[in-house]
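Asker: Build me a model from this:
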Amino acid sequence: MSSNPSARKNTHFLSSYIPNPKERKTIVICITITICLFFIGLLLISLNHHQLMIQEYKHYKGILKQFGSISRIVYFVVFAIYPVFLLLKWKPLKTIGWNNLQLKSFIQGLGKLVRKWHVPLAIVSTGLILLHSYLAIMRGFKWDFTNITGILAVILLFFLLFMGLKRFKRKDKNWHLKLAIGFLILFMIHASF
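Answerer: Numbers count the residues shown, from 1 in each chain. Next comes the predicted model:
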């Protein structure tokens, strides 16, 4: 058995899904930050539990909606990867330009940016969704249309995250995209009602 660390097989859980060590490190850091922020959020909620419970429901719902609204904005940034990469596949894009500026080079730069931030922002937004869900359950859960669509969206989100891991090796058979579209529809229905 070799004592050389590079010769040893990497047994880290994410290494079997994410082959790029730099990307894997970024994701581990992002997961760690999200978990820390999630527990800080839980701590703040528990410290202010009494105040939250005696608050008028309209104000409580406003706090609840803030977590949902922030995560919705972040998810739109996360979803931006799909139209950007679809646009990059569009053949006439090469011919569109203004003076010396080519639209394709701008879209390629945008593509690198959304590719870099796609996973970290999805992880952070998932943490916000979990806090949003906790706050929704904490004040009294009702089986109404809004809550049911929210539960279905969270369930779909966890399948989406799992298929996102498989997407790194292109073994998801496009399920990541299909689940993302389903999640987008469900969470927009949830946010609208």
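Asker: all contacts plus neighbour counts: C-alpha atoms, from now on.
Answerer: OK.
Asker: May I ask you to name the longest helix in this protein?
Answerer: Longest helix in the chain by number of residues (criterion: DSSP state H): helix 103-138.
Asker: Report all helices and strands that that helix contacts.
Answerer: Where contact means 3 or more Cα pairs under 8 Å, 6 or more residues apart in numbering; DSSP states H and E, helix 103-138 is packed against helix 21-47, helix 57-79, helix 81-88.
Asker: Look up how far Ile137 lies from the residue nearest in space to the middle of the chain.
Answerer: The chain has Ala122 as the residue nearest its centroid, 1.8 Å off, counting by Cα atoms, centre = their mean. Using Cα to Cα, to the nearest Å, one gets 22 Å for the distance from Ala122 to Ile137.
Asker: thinking again about what came up before, please identify the buried residues of the longest helix of the chain?
Answerer: 104, 107, 110-111, 114-115, 118-129, 131-133, 135-136 (16 or more other Cα atoms under 10 Å).
Asker: Could you do stretch 60-70 as well?
Answerer: 60, 64-65, 67-69.
Asker: one step back: quick check, the residue nearest to the centre of the chain in contact with Arg72.
Answerer: No - contact between Ala122 and Arg72 fails when scored by Cα atoms under 8 Å: they sit 10.4 Å apart.
Asker: now stretch 69-83: how far from the chain's centre is it?
Answerer: 8 Å (Cα atoms, centre = their mean, to the nearest Å).
Asker: Against which helices or strands is the helix or strand harbouring Gln51 packed?
Answerer: Secondary structure assignment for Gln51, by DSSP states H and E: helix 49-54. If you count contacts as 3+ Cα pairs under 8 Å, 6+ apart, helix 49-54 packs onto no helix or strand.
Asker: Could I get the phi/psi values of the residue lying closest to Leu157 once chain neighbours are set aside?
Answerer: Leaving out its chain neighbours, the residue that sits closest to Leu157 by Cα to Cα, 6 or more residues apart in numbering is Phe183, at 6.5 Å. Dihedral angles of Phe183 (phi, psi; degrees, to the nearest 10) stand at phi -60, psi -40.
Asker: how much space is there between Phe183 and Glu23?
Answerer: From Phe183 over to Glu23 the distance is 24 Å, taken as Cα to Cα.
Asker: more neighbours, the two?
Answerer: Under the criterion of other Cα atoms under 10 Å, the comparison of Phe183 against Glu23 puts Phe183 first, with 20 against 14.
Asker: got a list of what that one touches?
Answerer: If you count contacts by Cα atoms under 8 Å, 6 or more residues apart in numbering, Phe183 has them with 153, 156-157, 160.
Asker: 7 Å instead, please
Answerer: Phe183 makes contact with 153, 156-157, according to Cα atoms under 7 Å, 6 or more residues apart in numbering.
Asker: And the residues you listed, which is closest to Phe141?
Answerer: Ala153 (16.1 Å; Cα to Cα).
Asker: Next, the contact list for that closest one, please.
Answerer: With Cα under 7 Å, 6+ apart, Ala153 has these contacts: 183, 186-187.
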